[in-house]
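In: let's see this in three dimensions:
(one chain, ligands or ions: 1)
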Amino acid sequence: MKYPSVFLLAILVWTACSPSVQPEVALVPQPAQLQVKGGFFALSPATQLLRSDGGRFDAEAAFLQSTLVEMLGEEITAQAGGNVLELVYSQDLTQAESYQLEVGRDRVSLIAGDAAGMFYAMETLRQLMPADLEGEGTAPEILIPELSISDAPSIAWRGMHLDVSRHFFSMDYLHRYVDLLALYKMNKLHLHLTDDQGWRLEIKKYPRLTEESAWRTFNNQDSVCIEKAKEDPRFQLDPKHLRERDGVTEYGGFYTQEEMRELVRYAQSRHIEIIPEIDMPGHMMAAIQVYPELACTGSAGWGKVFSTPLCPGNEQVYEFVEGVLTEVMDIFPSKYIHIGADEVEKSSWEESKACQALMAAEGMSSVEELQSYFVNRVTGFIKSKGKEVIVWDDAIHPGVDSTLYVMYWRNWAGGVQNRVANNGNPMIYTPGNPMYFSRLDAQMYPIYHFEFFGSKYPEDKKHLAYGLQACVWTETVPSEDLADAIIFPKLLALSERAWSPREVHDWDGFKERLQSQLKRLDQLGVKYTYEVTKELTPFLKVDTVKQEIGVILESELVKPTIYYTTDGTEPTTASERYEGEFHVSGSVTVKAAIFENGQIQEPVLSRKVDYHQAIGKKVTYHKPWNTAYPAGDAGSFTDGLRGGNANGDGKWQGFTNDIDVTVDMGKVQELHTFSASFLQNIGPGIYMPDSVIVSVSVDGKDFEQVLQVANEVPKDQKGLVFADFAGSMGNVQARYIHVRAVNGNRAFIFSDELVIN
Ligand code: ACM
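Out: This is a model prediction of the structure:
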């Protein structure tokens with residue numbers, strides 16, 4: 001009996017002395033170097049704050065104390081006696097924003113060479129404190145795990161965006177957004193302040209912009225939201241942004257200059273630069289509605305695709321733009337001013353006498369050059385005030401200034417990235433896929449694994465990649481809760497992708513740390529959605545030595561239970577359990593799914609995997625692929641990697657002419673079977689070929705037809721349809737295989753992998 005009672009006493013004593021919360025290390029973004037040791041530091045109001053920073057970090061010290069008041073209930077002391085938390089300036093930490101954090105048993109040292117680095121050391125320290133303390137409660141003592149961190153960002157521009165024009169967001173929401181961005185070491189906030197649907201910034205010279213253009217009666221996007229709100233209250237228009245005027249309900253709002261100046265100061269204290277965007281010459285309908293003389297047509301309107309823009313042939317437009325920008329630059333001290341320049345409907349310029357006269361005088365032959373003239377002229381004005389200018393990638397037309405910073409967003413349009421690179425502009429990457437956050441379910445894998453450069457991106461232009469950013473467009477995001485749900489937790493995947501060096505990227509580790517961060521977000525009142533898809537993403541690794549293909553299955557879930565088959569049957573719990581990469585040879589169909597409580601979860605992955613005779617063999621293209629859908633260029637038909645379940649997955653090669661290629665098998669051999677996969681998706685204009693014709697040759701000159709397969713998929717069949725055009729090649733002896741897929745629709749055909757055995 002003696003032993004157990006002593007043991008019990010020990011537990012009681014330990015419990016009484018220990019704080020309610022235990023230390024955990026689950027940081028996002030993951031630091032560049034992290035070494036966790038065994039013990040902990042007991043932080044309490046008796047901890048002494050020591051300053052060895054020569055007063056450099058006063059603002060950060062105040063931020064730390066305010067964080068500690070939230071966590072401990074009071075500030076830590078200047079008095080000696082307890083353990084020590086010190087802020088240290090070190091001139092050895094020369095990389096901007098870098099820091100070290102040493103947590104020992106008696107001393108915590110936050111070391112930095114600049115204020116941003118010191119701030120990030122504090123945000124890291126905060127994440128080492130229990131998530132519970134982000135909420136209402138405090139603890140008199142907090143155990144901080146003993147560790148050593150050395151950290152620095154891998155990307156200088158780590159941005160988030162918010163469109164406050166399509167729907168308006170309160171000042172409170174913007175402050176909270178800044179706080180959350182800072183918690184995850186993001187350092188740019190791009191505010192899309194103006195667009196067709198509303199002008200949100202007070203401009204004293206043009207008061208009607210906010211008196212009138214900040215308000216609207218419900219538009220068609222609001223109607224979509226109102227309809228959706230019947231199912232999901234997050235789509236309700238926020239009643240705090242409604243007003244009654246002359247018996248009419250109007251929706252909108254704007255920020256006064258004073259409010260924005262205050263937000264800028266607040267963001268600065270959290271080392272976030274706010275970049276204002278005034279979108280021009282297009283997306284200007286809200287302004288043109290009250291100042292119609294700014295359009296060539298003299299009225300606000302809608303062209304073929306986009307709204308009627310400002311008129312670059314009208315000098316009054318430059319007076320307006322410069323008037324607006326002068327006030328904008330006075331409010332926002334940012335190094336950068338964003339002038340949009342995306343999606344400009346130029347038809348009114350073609351018909352405008354003023355524009356035609358300007359073009360003739362300046363020797364311009366196209367309205368695209370006129371757009372460059374406008375962009376360059378406005379850029380000149382902004383640069384004369386010592387600022388840099390940002391535009392969307394649509395602005396890159398012949399003759400445009402190569403010192404503009406370009407936001408690359410149209411990754412779905414061919415060749416844009418290379419066109420910008422060849423013009424020499426630094427690029428901030430906000431590619432629509434995956435960096436436009438719009439889905440409610442959490443698809444973080446593509447964000448976390450984002451690659452800047454495709455295979456055809458020139459090596460000597462890689463230095464032009466300047467930043468990484470995600471955008472939140474709010475056409476159908478009318479509430480703060482819905483914005484939260486779209487932004488979080490995807491922001492955390494972006495944060496780690498943008499901050500942490502590639503060597504420490506760890507998808508499985510991230511998903512586990514995320515679980516702890518979700519608790520923090522809960523406490524902070526963030527209404528995130530963590531509806532994780534049960535989709536599996538397959539990765540194939542072709543091994544030409546062993547003549548096999550390695551299959552890796554990735555998921556958004558933490559440590560999911562996966563079963564798979566390679567014989568085409570539906571997986572069950574009696575199938576092979578996935579424990580990591582497995583290998584297949586020959587042609588197989590891999591079927592795999594996540595299982596929960598023994599039940600198969602949708603969707604079931606089905607992927608043909610072929611180690612076939614033509615892998616790695618040379619393919620000559622007699623007609624080109626469409627540059628928007630290059631897949632893996634000339635190697636993609638014989639790389640062993642079949643296209644997946646989306647036409648934009650980067651594996652499908654797209655053609656707007658016939659496919660007309662010859663595969664060289666390297667030597668004469670017996671040819672048995674042929675198969676090529678095609679995809680139909682008539683929404684974006686992708687059809688099956690009318691037929692596929694295969695001919696073979698021994699010498700590459702005389703060809704003999706061995707196979708013709710006709711299309712059997714109806715041309716009006718909607719949705720994604722996949723079909724294999726396959727058959728026997730009759731065991732002929734040949735070296736060259738000519739493949740022609742007849743494009744009978746003058747639209748896209750998408751194909752992948754010529755499987756030859
Ligand atoms: C954009 O999405 N129009 C830049």
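In: give me the buried positions along stretch 650-664.
Out: For stretch 650-664, burial by neighbour count (16 or more other Cβ atoms under 10 Å) applies to 650-656, 658-663. (C-beta placed from N, C-alpha, C; glycine too.)
In: now do the same end-to-end measure for stretch 426-440.
Out: Taking Cα to Cα, to the nearest Å, stretch 426-440 runs 31 Å from one end to the other.
In: I figured Glu362 was touching Ser372, is that so?
Out: No: shown here, Glu362 and Ser372 do not form a contact pair, counting by Cβ atoms under 8 Å, at 10.3 Å.
In: what about those two, which has more around it?
Out: Ser372 (22 against 10; other Cβ atoms under 10 Å).
In: tell me the pLDDT at that one?
Out: On pLDDT, Ser372 comes in at 95.
In: which parts of the stretch 401-550 of the chain sit against the ligand?
Out: Contact residues of the stretch 401-550 of the chain with respect to the ligand, defined by Cβ under 6 Å from any ligand atom, are listed as Trp409.
In: give me the low-pLDDT residue ranges for this protein?
Out: 1-23, 647-648 (pLDDT under 70).
In: do that again at 50, thanks
Out: Across the chain, residues meeting the criterion (pLDDT under 50) sit at 1-21.
In: ok, and the closest non-adjacent residue to the spatially most central residue of it?
Out: Most central in the chain under Cα atoms, centre = their mean is Met435, positioned 2.0 Å from the mean C-alpha point. Computed as Cβ to Cβ, 6 or more residues apart in numbering, the closest residue to Met435 that is not its neighbour in sequence is Ala470, at 4.5 Å.
In: what sits against the residue nearest to the centre of the chain?
Out: Counting by Cβ atoms under 8 Å, 6 or more residues apart in numbering, Met435 touches Trp409, Tyr429, Ile447, Phe450, Leu468, Gln469, Ala470, Cys471, Leu494.
In: repeat that for 10 Å
Out: For Met435, the contacting residues are 159-161, 407-409, 411, 429, 446-447, 450, 468-471, 490, 494, 497, taking Cβ atoms under 10 Å, 6 or more residues apart in numbering as the criterion.
In: where's it relative to the ligand, distance?
Out: Distance, Met435 to the ligand, using Cβ to the nearest ligand atom, to the nearest Å: 11 Å.
In: give me phi/psi at that residue?
Out: Note on Met435: its backbone torsions stand at phi -100, psi 0 [degrees, to the nearest 10].
In: among the contacts of Met435, which are in strands?
Out: Judged by DSSP state E, the subset of the contacts of Met435 located in strands is Gly159, Met160, His161, Met407, Tyr408, Tyr429, Leu468, Gln469, Ala470.
In: can you pick the most crowded of these?
Out: Neighbours here mean other Cβ under 10 Å. Within the ones in strands among the contacts of Met435, the largest count is held by Met407, at 31 neighbours.
In: just checking, that residue touches Ala395?
Out: Yes: between Met407 and Ala395 a contact is recorded at 9.4 Å, counting by Cβ atoms under 10 Å.
In: what do the two both touch?
Out: Gly340, Ala341, Asp342, Val420.
In: out of the residues you listed, which are inside helices?
Out: Counting by DSSP state H, the shared contacts of Met407 and Ala395 place Val420 in helices.
In: now distance to Val477 too, for the shared contacts of Met407 and Ala395, in a markdown table please.
Out: Listed next are these as a markdown table, based on distance: Cβ to Cβ, whole Å:
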| residue | distance to Val477 |
| --- | --- |
| Gly340 | 19 |
| Ala341 | 24 |
| Asp342 | 19 |
| Val420 | 28 |
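In: and of the shared contacts of Met407 and Ala395, the nearest to the ligand?
Out: Checking the shared contacts of Met407 and Ala395 against the ligand by Cβ to the nearest ligand atom gives Asp342 as the nearest, at 4.2 Å.
In: list the contacts for that closest one?
Out: By Cβ under 10 Å, 6+ apart, the contact list for Asp342 reads 277, 279-280, 282-283, 306, 391-395, 407, 409-410.
In: please repeat the previous calculation with a cut-off of 6 Å.
Out: Residues touching Asp342, when contacts are defined by Cβ atoms under 6 Å, 6 or more residues apart in numbering, comprise Trp392, Asp394.
In: circling back to that earlier point, out of the shared contacts of Met407 and Ala395, who's the most crowded?
Out: Of these, Ala341 is surrounded by the most neighbours, 31 neighbours in total, counting by other Cβ under 10 Å.
In: my read is that that one contacts Val375, right?
Out: Yes: in this structure Ala341 lies within contact range of Val375 using Cβ atoms under 6 Å: 5.3 Å.
In: can you list residues touching both of those two?
Out: Residues within reach of Ala341 and of Val375 at once, by Cβ under 6 Å, 6+ apart, are Ala395.
In: tell me the SS of Ile552?
Out: When the structure is reduced to helix, strand and coil (DSSP: H, G, I helix; E, B strand; the rest coil), Ile552 reads as strand.
In: any idea how far the closest residue to it other than its chain neighbours is from Lys385?
Out: Spatially, and ignoring its direct neighbours in sequence, Ile552 is nearest to Phe539 (4.3 Å; Cβ to Cβ, 6+ apart). Going from Phe539 to Lys385 by Cβ to Cβ, to the nearest Å gives 49 Å.
In: repeat that for Lys541.
Out: The gap separating Lys541 from Lys385 is 52 Å, by Cβ to Cβ.
In: who's in contact with the residue in the stretch 1-150 of the chain positioned nearest to the ligand?
Out: Distances between the stretch 1-150 of the chain and the ligand by Cβ to the nearest ligand atom are smallest at Pro29, namely 26.0 Å. Residues in contact with Pro29 (Cβ under 6 Å, 6+ apart) are Lys185, Ser495, Glu496, Trp499, Ser500.
In: may I ask which two of the ones in strands among the contacts of Met435 are separated the most?
Out: Met160 and Tyr408 (16.2 Å; Cβ to Cβ).
In: sorry, back to before: name the helix or strand for the residue nearest to Ile552, please.
Out: Element membership for Phe539, per DSSP states H and E: strand 536-543.
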